[in-house]
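S.K.: Curious how this folds, go ahead:
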Amino acid sequence: MNEKNDSTSLSSAEEGKSNGISDELSVSPEDNLLQIDVRKKQRQTESELTINQSEASNCKPYLCISVFALLYIAWGINTSIMGPFFPTEAQKTRNISQSMVGMITSVLMVTLWLFSIVFFFVASDKNKHSVFYVGVFTSSVMCVAFGESYRFDNPTSFIMSCLATRLAIGFAGACLWSTGAPILIPMMPKKAGKIFSLLEFSAGFGFMIGPPLGSLLFSFGGYKLPFLVAGLLELFIGFLCVAAIRKLVVIRDYQHAIHNLPKSVSALSMPSLKSVGLSKDAKFIPKAAFKFLTHPGILLTSLPALAVLSQFGFFQVALAPHLEDTFGIHGDSSGKIFLIHAGLSALTCAVYGVLIDRGHAQFTFITCAFLTALGYFVLGLPLIASDVNPKITLFTALTLLGLTANGGYLPCYFIFERFAVNDRIEAPHKLRIYVCTWVNTCYSFGLISGQFFVGGLFFQRYSFYHSCMLLALITLTSSLLICAYLILPRKTTTENNRTQNPEYASECSGRFGEDQGKLTNDV
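M.R.: Model (predicted):
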């Protein structure tokens, strides 16, 4: 009897519970119809997702990453193809001064620098694809337009046309570099170091083959042909990038659709912060950006990075005139000299990517910064030692600078990220865009310094060797400053930040390296 009573009470309880649930869902006939419609949409979305997931197996992220690599190669060619012949051609055929050549060359990086700061505050997960598409097509079209500016015989018209097209290319470069990595990293978040190194290797490879390709095309078809080939190549690869991205975005949207479907009628009445695309820390984004930009570690790390990156802009403007004046090497054959530096800097990107992923980002950065200062000194050695062979110092310095160029720049991605995590900067979803846009800013301003200030103004007033000694002094001083900052003990918040965001902090810690305590007490 007791068992029968117990079973009866249990069944009645379950019946009451089920009735309670049905009563909760059956508030009104209209709500019932709305709930049925929601469930139909959910089942339809799930079936569509199943179909598209089968299609996704044939479109893996590696395809998209490979196309991105080709695009950054084309961008590197676009940027560096003018180095062997533009300075001499502009001076001989249009009577343009060396300082104006430096201004035309550096205005690209000035625009890239300014718009990188703009994208620091504007770029987000919502608009990164649109910004990237604008950058792809603007860069390719303006490259062709830069070659067509040679139609203007008037020096003033030629200068204005060159400045306008280079301004547009700089804007496009800011779009590409501010959003390229944030688009790729969510596909493979555990391989962020390899993705960064791949993009840098691709751009470096473009810088490597750009000058010899420019010399070859210039010898065959004159001034316009190199820019026409580079622009059309980038445009074609840009269409491939858009197709690959759109394929993955459609599949991702289906995946998000299931998680964002409301589970009850009450969920339809009030939209959540997630449904309207807002986060709880969105109001802290200006404060986080200010904290990031004023962090002393980030600012001091930027100084040697700027000095290291100056070599790319300096060689682009000053190396071709130096080769012609000192060794009699003209623009149609000087691309082979450029190939030494650009080739080594591109090939070493993979090595530095492995070192960063193994936790040696900081040690690699410091070592390469000091070696870069040594390379500048060797390049300017004929200034103080007249008995040395200038060809030996030239090839030795270009080899050393090519080996260490990306080592003094590529680790900045992860050093900046580590400083931001240690200092508990708010809005962690924005950190990756912060880091990418700030590194992009350093890259552009470093090339501006090399192209205009050192390779334009200083080189025109003094000499090539004086300019190299100036770069050596700046690099050495800035490297000593960041070493002093890293050695000094500081109060850190790493453990508290790991408690608040353990997955993100551990990911950054693994790339930065726990064995870097010999240089800093942050870790």
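S.K.: Please identify the nearest residue in space to the spatially most central residue of the chain, excluding sequence neighbours.
M.R.: Geometric centre of the chain, nearest residue: W177, 3.9 Å, by CA atoms, centre = their mean. Nearest residue to W177, sequence neighbours excluded (CB to CB, 6 or more residues apart in numbering): N440, at 4.2 Å. For the C-beta atoms, the positions are set from N, CA and C on the backbone; glycine is no exception.
S.K.: Quick check: which ranges of the chain have low pLDDT?
M.R.: Counting by pLDDT under 70, the ranges of the chain that qualify are 1-60, 193, 247-286, 331-333, 335, 426-430, 489-523.
S.K.: can you pull out the strands in it?
M.R.: For the chain, strands defined by DSSP state E do not occur.
S.K.: What are the buried residues along stretch 95-111?
M.R.: 96, 98-111 (16 or more other CB atoms under 10 Å).
S.K.: hang on, the earlier thing: and the residue nearest to the centre of the chain, what is it in contact with?
M.R.: 112, 116, 436, 439-440, 443 (CB atoms under 8 Å, 6 or more residues apart in numbering).
S.K.: And these, which two are furthest apart?
M.R.: Farthest-apart pair in the contacts of W177 is L112 and C436; separation 12.9 Å (CB to CB).
S.K.: Would you write out the PyMOL command that picks the buried residues out of the contacts of W177?
M.R.: The following PyMOL line selects those of the contacts of W177 that are buried, judged by 16+ other CB under 10 Å:
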select buried, resi 112+116+436+439+440+443
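S.K.: centre of the chain versus stretch 460-469, how much separation?
M.R.: Distance of stretch 460-469 from the chain centroid (CA atoms, centre = their mean, to the nearest Å) equals 31 Å.
S.K.: Need the distance between the two termini of it.
M.R.: 15 Å (CA to CA, to the nearest Å).
S.K.: burial count for L400?
M.R.: 20 (other CB atoms under 10 Å).
S.K.: Share the number of residues neighbouring the residue lying closest to it once chain neighbours are set aside, please.
M.R.: Counting by CB to CB, 6+ apart, G375 is the residue found nearest to L400 once chain neighbours are left out, at 4.0 Å. G375: 28 surrounding residues under other CB under 10 Å.
S.K.: check contacts around G375.
M.R.: Applying CB under 8 Å, 6+ apart, the residues near G375 are 397, 400-401, 404.
S.K.: please redo it, this time with the cut-off set to 6 Å
M.R.: 397, 400-401 (CB atoms under 6 Å, 6 or more residues apart in numbering).
S.K.: what do you get for Y465?
M.R.: Applying CB under 6 Å, 6+ apart, the residues contacting Y465 are 380, 382-383.
S.K.: for S449, same thing?
M.R.: S449 neighbours (CB under 6 Å, 6+ apart): S310.
S.K.: ok, now how distant is it from T475?
M.R.: Using CB to CB, to the nearest Å, we find S449 at a distance of 11 Å from T475.
S.K.: any chance you could map the helices in the stretch 151-300 of the chain?
M.R.: 155-184, 192-221, 224-260, 266-269, 285-293, 296-314 (DSSP state H, counting those that start in this stretch).
S.K.: tell me the contacts of L225?
M.R.: Here L225 is in contact with L217 (criterion: CB under 6 Å, 6+ apart).
S.K.: same thing with the one 3 residues further on?
M.R.: Under the criterion of CB under 6 Å, 6+ apart, the contact list for L228 reads 144, 147.
S.K.: follow-up on the earlier one: nearest to F201, of the contacts of Y465?
M.R.: Closest to F201, out of all of the contacts of Y465 and judged by CB to CB, is G380, at 28.6 Å.
S.K.: so that closest one touches C468, yeah?
M.R.: Yes. Using CB atoms under 6 Å, G380 is in contact with C468, at 3.2 Å.
S.K.: Name all residues that make contact with the residue nearest to W177.
M.R.: 116, 177-178.
S.K.: how far away is it from V308?
M.R.: For N440, the distance to V308 - CB to CB - is 15 Å.
S.K.: Tell me how many other residues surround H129.
M.R.: Other residues close to H129 by other CB under 10 Å number 16.
S.K.: and if you look at L488?
M.R.: By other CB under 10 Å, neighbour count at L488 equals 9.
S.K.: For the stretch 401-523 of the chain, which segments count as helices?
M.R.: Counting by DSSP H, counting those that start in this stretch, the helices of the stretch 401-523 of the chain are 412-422, 431-448, 459-461, 464-487, 494-500, 502-512.
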